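# attaching a predicted model along with its sequence, questions to come.
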Amino acid sequence: DQPRVLFCAGATKDMGKMLGGEEEKDPDAQKKEEERQEALRQQEEERKAKHARMEAEREKVRQQIRDKYGLKKKEEKEAEEKAALEQPCEGSLTRPKKAIPAGCGDEEEEEEESILDTVLKYLPGPLQDMFKK
């Protein structure tokens, strides 16, 4: 009978809680919870520090490999490609208007005259007379 009594006593105590009765309050519950939260925060900080150290070691090894084989970081490579695209290439069809050399484009009349004068110098005398008129 005695074990049954203990079982019943424990069951009625839990039944009271389930039915909305007063729970036994631990006076140190809040203090314990704060300690638990602090321990969790500390573990998280330690984990982050460990991962930061591991990543720093990995980066050091990566840099040694880059130096050994003359490789560049992905960010450096992308920056160089972007800079190369921004620079106009000689003879490029897509260069900006500012990159057009002097004497090309807007000043066509002056350019044509200088070419005409150059051509006229090499023509025989009678042909020069015809073009000058």
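Cool, the structure landed.
# what about residue 26, which SS state?
Under DSSP: H, G, I helix; E, B strand; the rest coil, residue 26 falls in the coil class.
# spatially nearest residue to it (excluding sequence neighbours)?
residue 32 (7.4 Å; Cβ to Cβ, 6 or more residues apart in numbering). Where you see a C-beta, it was placed from the backbone N, CA and C, and this is true even at glycine.
# pLDDT (mean, whole number) over the helix or strand containing the one you found?
If you go by DSSP states H and E, residue 32 is part of helix 29-69. The pLDDT scores in helix 29-69 average 95.
# go on, stretch 77-94?
What stretch 77-94 shows for mean pLDDT is 73.
# just stretch 126-133 next, same as before
The pLDDT scores in stretch 126-133 average 70.
# in this structure the residue nearest to residue 26 contacts residue 39, no?
No - Residue 32 lies out of contact with residue 39 (Cβ atoms under 8 Å); the separation is 10.5 Å.
# quick one on the thing from earlier: residue 71 versus the residue nearest to residue 26, what's the distance?
54 Å (Cβ to Cβ, to the nearest Å).
# who has more neighbours, the two?
residue 71 (13 against 10; other Cβ atoms under 10 Å).
# need the three-state assignment for the more buried one.
Recorded secondary structure, residue 71: coil (three-state DSSP).
# so what's it up against?
The neighbourhood of residue 71, defined by Cβ atoms under 8 Å, 6 or more residues apart in numbering, consists of residue 65.
# distance of it from residue 79?
15 Å.
# again, but for residue 129
From residue 129 across to residue 79, the span is 63 Å (Cβ to Cβ).
# how about residue 125?
63 Å.
# so these two - more neighbours on which side?
Taking neighbours as other Cβ under 10 Å, residue 125 and residue 79 compare with residue 79 leading, 12 against 6.
# name the element the more buried one belongs to?
Per DSSP H and E, residue 79 falls inside helix 74-86.
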